[in-house]
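A.B. asks: Build the 3D model from these lines:
(one chain, ligands or ions: 1)
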Amino acid sequence: MDCNHRAYRNSAMAALSLSVLLTLPALSPGAESSNKGIAGPAGQPTFARHIAPILQAKCQECHRNGSLAPMSLVTYQETRPWAKAIKERVIQRQMPPWHIDKTVGVQRFKNDTSLTDEQINTIARWVDSGAPLGDPKDMPPAIHWPETNDWQAAEKLGQPDLIVKSEPYTMAAHHQDVWWRPISDKLRGRAMLMEWAIGKGYDLYHPNTGKLLLPGSQISWDIHIHAVGAEIRDNVELGIWLYPKGKAPKYRTYLTAFQAVKGSPRKREVDIPPNSIAESQNFTVLKQAAILENFQPHMHLRGKAMAVEAVLPDGTTQAISYVGNFNFNWMTNYIYEEDAAPVLPKGTVIRVTAWYDNTHANPNNPDPDQWVGFGDRTVDEMGHAWMNVTYISDEEYSAWAARRKPTP
Ligand code: HEC
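C.D. replies: Numbering: from 1, shown residues only. Just a heads-up that it's a prediction; the model follows:
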């Protein structure tokens, strides 16, 4: 059974951090007519005409009643109190949670959710001019959102062909971290199939590429659970999209953790003194030509930034990706467009550098006075770049390099 599994829903994580309401806000623009008259001066952006469409396109997926964000940004009344916070978050490019540096490395992605410079500028001008409503008649019709617990990739791919569920686990309100490792009975194999961390959406592979699930396979779960102050019983579900029967993809892709931390898997060397910024760097040689399909930086609470570079056999260095304002709550998966994904020759060295902020300046830092070492607990550190790596032959690499050769 060839298998292209692309998306993942983590209901345990969701239940750990939110309560689900089922009402959908469908306030008609007329509901705001009491605010009529608060229109911006000519030329100034208004909520009804300029801001609401941006919120619909880039924010309401999460910022509406029943979804995961802490507040709804659907109506003017709901949005107005957050105007200053919105300006700050969008200018710093913390919201929407798309943190990859727009000046370094690959810049085209299949799942880009970021705001354009123009949209950021419009929001900033709107806030600076008093965040006016404008004419409610300008409001775009409210969006009718799908059910909140649907698969994120369903919009692109339809419903998954196969859903694998872990055994449920009951986590105590107060407890050390737990690693829950049940084996589901449907599918067996030892290769790492996929990884999910807080804030990730899904994996999406290039055409003619996929992960391989052999007949009779089982999914072996390794679920890291962190206590959040309330007892919670939940399970994890994995959604898998298969290639049609008889259509085997040519390329198999392998989930790879390119390490920023030196040492063996059992003894990695990251050493972060209290109240300091630290750096770690490690190197991995590609033993075969390869395409890198995505970048998903992985660090814990002290994570600050991560850079991936390729040092080619000819000695040149190519910047691949950089996230400068990493946020533990958002392990966003940046999926490269096919024609933008790095294609690298055999012998390339992948260099990953991670920076950690163990000071008060890091809002996610639980205790800057702690000395932090390597470990699996959320309060320990690690640093690696998760990438789906698709290996190709030297001939395929040469053909690709010839096609991309810059014209003189
Ligand atoms: C993928 C889901 C998602 C999207 C898309 C998203 N947000 Fe958020 N937002 C969240 C979550 C979850 C939080 C709370 C956790 C955090 O701060 O990271 C949050 C926090 C915020 C906050 C801070 C709230 C506070 O308590 O101070 C602001 C402001 C904000 N978002 C604005 C926006 C705006 C504006 C957009 C669109 C341009 C947007 N967000 C898009 C999920 C999202």
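A.B. asks: okay, residue 408: pLDDT?
C.D. replies: As predicted, residue 408 sits at a pLDDT of 54.
A.B. asks: Show me the helices in this structure, by range?
C.D. replies: Listed in chain order, the helices of the chain (DSSP state H) span 11-17, 52-58, 76-79, 83-91, 117-128, 154-157, 394-404.
A.B. asks: Looking at the ones you listed, spot the one closest to residue 247.
C.D. replies: helix 154-157 (15.1 Å; C-beta to C-beta). (C-beta placed from N, C-alpha, C; glycine too.)
A.B. asks: Flag every buried residue along the closest one.
C.D. replies: Residues of helix 154-157 classed as buried: 154, 157 (neighbour count, 16 or more other C-beta atoms under 10 Å).
A.B. asks: what do you get for stretch 111-122?
C.D. replies: By neighbour count with 16+ other C-beta under 10 Å, stretch 111-122 contains the buried residues 111, 114-115, 119-120, 122.
A.B. asks: Mean pLDDT and distance to the ligand added to the helices of the chain, as a markdown table?
C.D. replies: Shown next, in a markdown table, are those (pLDDT from 0 to 100; distance: least, C-beta to the nearest ligand atom, whole Å):
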| stretch | mean pLDDT | distance to the ligand |
| --- | --- | --- |
| helix 11-17 | 27 | 8 |
| helix 52-58 | 97 | 4 |
| helix 76-79 | 98 | 8 |
| helix 83-91 | 98 | 4 |
| helix 117-128 | 98 | 7 |
| helix 154-157 | 86 | 14 |
| helix 394-404 | 91 | 34 |
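A.B. asks: my guess is residue 101 meets residue 320, correct?
C.D. replies: No. Using C-beta atoms under 8 Å, residue 101 is not in contact with residue 320, being 11.3 Å away.
A.B. asks: Between the two, which is the more surrounded one?
C.D. replies: Neighbour count, other C-beta atoms under 10 Å: between residue 101 and residue 320, residue 320 has more, with 24 against 16.
A.B. asks: wait, doesn't the more buried one sit right on residue 306?
C.D. replies: No. Shown here, residue 320 and residue 306 do not form a contact pair, counting by C-beta under 8 Å, at 10.7 Å.
A.B. asks: and this protein, which of its residues are near the ligand?
C.D. replies: Contact residues (C-beta under 6 Å from any ligand atom) of the chain with the ligand: 58-59, 61-63, 68-70, 82, 85-86, 89-90, 95-97, 113, 115, 329.
A.B. asks: Filter these down to the buried ones.
C.D. replies: Using 16+ other C-beta under 10 Å as the burial test, those include 58-59, 61-63, 82, 86, 90, 95-97, 115 as buried.
A.B. asks: ok, those residues vs residue 251, which is closest?
C.D. replies: Checking these against residue 251 with C-beta to C-beta, the nearest one is residue 97 at 29.8 Å.
A.B. asks: Leaving out sequence neighbours, find the closest residue to the closest one.
C.D. replies: Nearest residue to residue 97, sequence neighbours excluded (C-beta to C-beta, 6 or more residues apart in numbering): residue 330, at 4.0 Å.
A.B. asks: what's the burial count for that neighbour?
C.D. replies: Residues lying near residue 330 (other C-beta under 10 Å) number 19.
A.B. asks: surely it meets residue 96?
C.D. replies: No. Using C-beta under 8 Å as the test, residue 330 is too far from residue 96 to be in contact (9.5 Å).
A.B. asks: if we can go back for a sec, let me see the contact set for the residue nearest to residue 97.
C.D. replies: Counting by C-beta atoms under 8 Å, 6 or more residues apart in numbering, residue 330 makes contact with 97, 99, 198-199.
A.B. asks: Buried among those? Make that a PyMOL selection.
C.D. replies: Buried subset of the contacts of residue 330, written as a PyMOL selection, criterion 16+ other C-beta under 10 Å:
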select buried, resi 97+99+199
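A.B. asks: Tell me the pLDDT of the nearest residue to residue 220 once chain neighbours are set aside.
C.D. replies: Nearest non-adjacent residue to residue 220, counting by C-beta to C-beta, 6+ apart: residue 183, 5.1 Å away. pLDDT for residue 183: 79.
A.B. asks: coming back round to it: need the helices of the chain in TSV with distance to residue 168, can you?
C.D. replies: Formatted as TSV, the helices of the chain follow (distance: least, C-beta to C-beta, whole Å):
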stretch	distance to residue 168
helix 11-17	8
helix 52-58	34
helix 76-79	35
helix 83-91	35
helix 117-128	41
helix 154-157	23
helix 394-404	45
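A.B. asks: Compare those and report which one is nearest to residue 300.
C.D. replies: helix 11-17 (15.2 Å).
A.B. asks: Who are the contact partners of residue 294?
C.D. replies: With contact taken as C-beta under 8 Å, 6+ apart, residue 294 is in contact with 203, 333-336, 386-388.
A.B. asks: does it have beta-bridge partners, and which?
C.D. replies: Beta-bridge partners of residue 294, counted by DSSP bridges, are residue 335.
A.B. asks: Distance-wise, check the residue of the stretch 151-300 of the chain found nearest the ligand relative to residue 322.
C.D. replies: The minimum distance from the stretch 151-300 of the chain to the ligand, using C-beta to the nearest ligand atom, falls at residue 199 (7.5 Å). Taking C-beta to C-beta, to the nearest Å as the measure, residue 199 falls 18 Å from residue 322.
A.B. asks: repeat for residue 63
C.D. replies: Residue 63 is 27 Å from residue 322, by C-beta to C-beta.
A.B. asks: ok, back up a step: what about the buried ones among the residues of the chain next to the ligand, which are in strands?
C.D. replies: Among those, none falls in strands (DSSP state E).
A.B. asks: Show me which of those is closest to residue 346.
C.D. replies: Looking across those and measuring by C-beta to C-beta, the closest to residue 346 is residue 97, at 35.4 Å.
A.B. asks: re earlier: right, and the pair among the contacts of residue 330 with maximum separation?
C.D. replies: Largest pairwise distance in those, by C-beta to C-beta, is 13.6 Å, between 99 and 198.
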